[in-house]
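Any chance you can model this:
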Amino acid sequence: MLPARTAHPSTGSAQWGPLIPRHQRSDGITRVGSIVTVNSHKPDDHSLLRQLCGPAVACWEDPLSEEAMEFPDQTATLSRDSLGQSAGVRLARCSTVSLQTEIACPKLVVFSGGTAFNSVAGPLRKLTTSVSHVLPVSDDGGSTAEIVRVIGGPAVGDIRSRCLRLADDRDEEAKAVKCLLAHRLTGGSSEDAKLEWYQIVEGRHPLWGGVSEPYKHMIRAFLVHFQLQILSQVTREFNFKNGSIGNYFFAGARTFFRSLESAVFLFSRVARIPEGSTVLPAICTEDIITLGAELEDGTVIKGQNNISHPDSDHSNMGGEETGPSAVDKSDQYQSLSSPIRRVFYLSREGTGQEHEVSPPPNPHVLLDIQRADAVVYGMGSLFTSICPTLILDGVGEAIAVRSDIPKLLLLNGSHDRETATCGCHDGPMHASDVVQAITDALNRRNCRQGTSLKHPPSAYVTTLVVPYDGAIEVDEAALELLGVSQVVEVASVADADGRVLFDAEELVQTIGHALYGTGLLPCVVNGISHGNSIGVSNGSSNGNNGSIGGSSNAINIS
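Sure, this is the predicted structure:
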């Protein structure tokens, strides 16, 4: 028999307990046969349930009405396959329901950059709230470049971008904090940007409206600390043009704690990132991280921005005269003189391959891979967003040994400067070339530091996910030779510039089906699933398409 819920008499919180006859109720819950109604005092939860379960959730005018207990055409049923029983669950209009996934959320590890995967990061929470977002710390363009130039340290722009995308904005104060940390100073003159910054750091800017005093004092404390760090650099003048307030807060926290991890933890709490979602820097360091690219003709390019989005007007390190410019990734750049062979890390003052270094990975990344239910290589710049994390010692070993989990590579919908040429054939890279580049990075092929691996592509990629009508050719015969036989096409949309992107909701559903295929999830509907033993059905008998997974241990109704 499906266990029913029993509410705590004082708090209204719920636990699953034995089903009792209606006349025995003493907890404010009405039960007639297999039907359950719930009265609650949390007005924000019912909409969440409807988002998760759709219109199949029934609402009643009167929770105690016997007539209202009759089943409508569409019935929300709760079933536990392991027990072979089911029970109808309906809610009064005054009732609210909160689904809390406590243990059964699939654990994902996502390797991506700070921009391309952002559109998916939010919808992905409908599938699972347990996601580790692994991001590089080698970005040296835009506002980040100016911070690195003046006070040093790793680049935090990608981490800040993902934290803000994951941030909670369900109440007015949360929205105000998110708006503040997402704000960029004017891109006009340096003096105008500095005046705007002074208004913010002194607490006089309109952006502070809606932020409570305790919250304001805490955020301002780290912005003030950042300002003090700038003033202490007497030989370098900081340019505030296009400056990101979130980056400044992050840099202030990092220099205060002298710890990148502590800064990430604080920023996550300030941005109210839901528990279970973590943002991990690929490398935990206080040093400047510099990325280099070796081209097929032997040329070495120093700096992520110079590799991917070179600025023709001024130095990528944000020269003092013109200041940092906002990086526009939609711009068309001159092609590379030769295809990229590999990327690697350079010492701070290094300029060539002889200055290659091998920084250790964040140990939490390796630990999360060991615990993962799936690995996802997200969209983004192949060589400057994805590969910089994969080339770190231990990452290839950790992924290759997990032969029991799906490993999904999400193919970009268009080419960029990095994939516009290929070292194996004329023209741009094909899908098989992207898979091979991921494999070479994880195997640390051609590296001058450490030990290289010899795992096949199938050890790292089990499924290739491609957007419909994407620009990158999917050469299935070549993929078969690499051992990647599963190719899934997902609906796409076009951005303002006409470039093909994944439809985020459809992509999440595809990831859910990959987990379902391994037995991690019992069912998937519209990309939404929450566990492995309790499903919510909308009355459909069409297998997977008629249910939404629930937590394996509890569905708390309160």
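
Identify all contacting residues around the helix or strand hosting V224.
Applying DSSP states H and E as the criterion places V224 in helix 213-231. Here helix 213-231 makes contact (C-beta atoms under 8 Å, 6 or more residues apart in numbering) with 150-151, 173, 177, 180, 200-201, 203, 208, 211, 238, 245, 248-249, 251-253, 255-256, 266, 270. Using the backbone N, CA and C atoms, a C-beta is placed for each residue, glycine as well.

Out of the residues you listed, list just those in helices.
150-151, 173, 177, 180, 200-201, 245, 248-249, 251-253, 255-256, 266, 270 (DSSP state H).

Model confidence score at the spatially closest residue to L280 that is not a sequence neighbour, please.
Nearest non-adjacent residue to L280, counting by C-beta to C-beta, 6 or more residues apart in numbering: V134, 5.0 Å away. With respect to pLDDT, V134 scores 97.

V134: what secondary structure?
strand (DSSP: H, G, I helix; E, B strand; the rest coil).

Please identify which helix or strand holds R160.
Going by DSSP H and E, R160 is part of helix 157-166.

Just give me the residue closest to the centre of the protein.
A121 (3.9 Å; C-alpha atoms, centre = their mean).

what about it, distance to P274?
As judged by C-beta to C-beta, to the nearest Å, A121 and P274 stand 11 Å apart.

what's the overlap in contacts for those two?
Residues touching both A121 and P274 (C-beta under 8 Å, 6+ apart) are L166.

Next one: D404 from T462, what distance?
Distance, D404 to T462, by C-beta to C-beta: 11 Å.

more crowded one of those two?
T462 (21 against 7; other C-beta atoms under 10 Å).

The residue lying closest to F240 once chain neighbours are set aside: neighbour count?
Among residues not flanking F240 along the chain, A193 sits closest, at 3.9 Å (C-beta to C-beta, 6+ apart). Using other C-beta under 10 Å, A193 is surrounded by 21 other residues.

Return the set of buried residues in the host helix or strand of A193.
Using DSSP H and E, A193 falls within helix 190-201. Neighbour-count burial for helix 190-201 flags 190, 193-194, 196-197, 200-201 (criterion: 16 or more other C-beta atoms under 10 Å).

One more: stretch 456-470?
Buried residues in stretch 456-470, counted by 16+ other C-beta under 10 Å: 457-467, 470.

tally of neighbours for the residue nearest to E476 when sequence neighbours are not counted?
Closest residue to E476 apart from its sequence neighbours, by C-beta to C-beta, 6+ apart: V487 at 6.3 Å. Neighbourhood size, V487 [other C-beta under 10 Å]: 15.

which residue packs closest to D495, ignoring adjacent ones?
Using C-beta to C-beta, 6+ apart, the nearest residue to D495 is L501, at 5.6 Å.

Please name the residues that touch the residue nearest to the centre of the chain.
By C-beta under 8 Å, 6+ apart, A121 lies in contact with 131, 133, 162, 165-166.

which strands and helices sit next to the helix holding A193?
Other helices and strands packing on helix 190-201, by 3 or more C-beta pairs under 8 Å, 6 or more residues apart in numbering; DSSP states H and E, are helix 213-231.

got the buried residues for the helix it packs on?
Buried-residue list, helix 213-231, by 16+ other C-beta under 10 Å: 215-216, 219-220, 222-223, 225-227, 229-230.

Going by distance to V493, which of those wins?
V493 has its nearest neighbour among those in I219, at 35.1 Å by C-beta to C-beta.

in this protein, which segments are predicted with low confidence?
1-104, 311-332, 519-558 (pLDDT under 70).

Pull the contacting residues for I386.
I386 is in contact with 111-113, 377-378, 380, 438, 441, counting by C-beta under 8 Å, 6+ apart.

which of those lies closest to H355?
The nearest member of those to H355, counting by C-beta to C-beta, is A441 at 19.6 Å.

my guess is that closest one contacts T384, does it?
No. Look at A441 against T384 with C-beta atoms under 8 Å: they stay out of range, at 11.6 Å.

Which neighbours do those two have in common?
Residues touching both A441 and T384 (C-beta under 8 Å, 6+ apart) are V343.

quick revisit: out of the buried residues of stretch 456-470, the closest to D287 would be?
D287 has its nearest neighbour among the buried residues of stretch 456-470 in Y460, at 28.6 Å by C-beta to C-beta.

need the contact list for the closest one.
With C-beta under 8 Å, 6+ apart, Y460 has these contacts: 396, 399-400, 407, 438-439, 442.

Which members of those residues are classed as buried?
Neighbour-count burial (16+ other C-beta under 10 Å) is assigned, among the contacts of Y460, to 396, 399-400, 407, 438-439, 442.

got those as TSV, with distance to S452 and secondary structure columns?
Shown next, in TSV, are these (distance: C-beta to C-beta, whole Å; DSSP: H, G, I helix; E, B strand; the rest coil):
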residue	distance to S452	secondary structure
G396	9	helix
I399	15	helix
A400	13	helix
K407	20	strand
I438	15	helix
T439	12	helix
L442	10	helix
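
Going by distance to T518, which of those residues wins?
T518 lies nearest to K407 out of these, by C-beta to C-beta, at 11.2 Å.

Help me confirm that the closest one comes into contact with V375.
Yes. Taking C-beta under 8 Å as the definition, K407 is a contact partner of V375 at 4.5 Å.

Which residues are in contact with each of these two?
Shared contacts of K407 and V375 (C-beta under 8 Å, 6+ apart): I399.

Near the residue lying closest to D297 once chain neighbours are set aside, how many other residues are there?
Distance criterion C-beta to C-beta, 6+ apart; nearest residue to D297, sequence neighbours excluded, is S338 at 3.9 Å. Residues within reach of S338, counting by other C-beta under 10 Å, total 14.

how far away is D404 from E191?
59 Å.

Ignore what I typed, I meant A282.
With distances taken as C-beta to C-beta, A282 is found 37 Å from E191.

now E286
31 Å.

Count the neighbours of S335 for me.
S335: 10 neighbours (other C-beta under 10 Å).

Can you tell me, leaving aside adjacent residues, what's nearest to it?
In space, and not counting its chain neighbours, S335 is closest to A420: 5.6 Å by C-beta to C-beta, 6+ apart.

residues contacting I159?
Contacts for I159 (C-beta under 8 Å, 6+ apart) come out as 114, 135, 137, 250, 264, 267, 279, 281.
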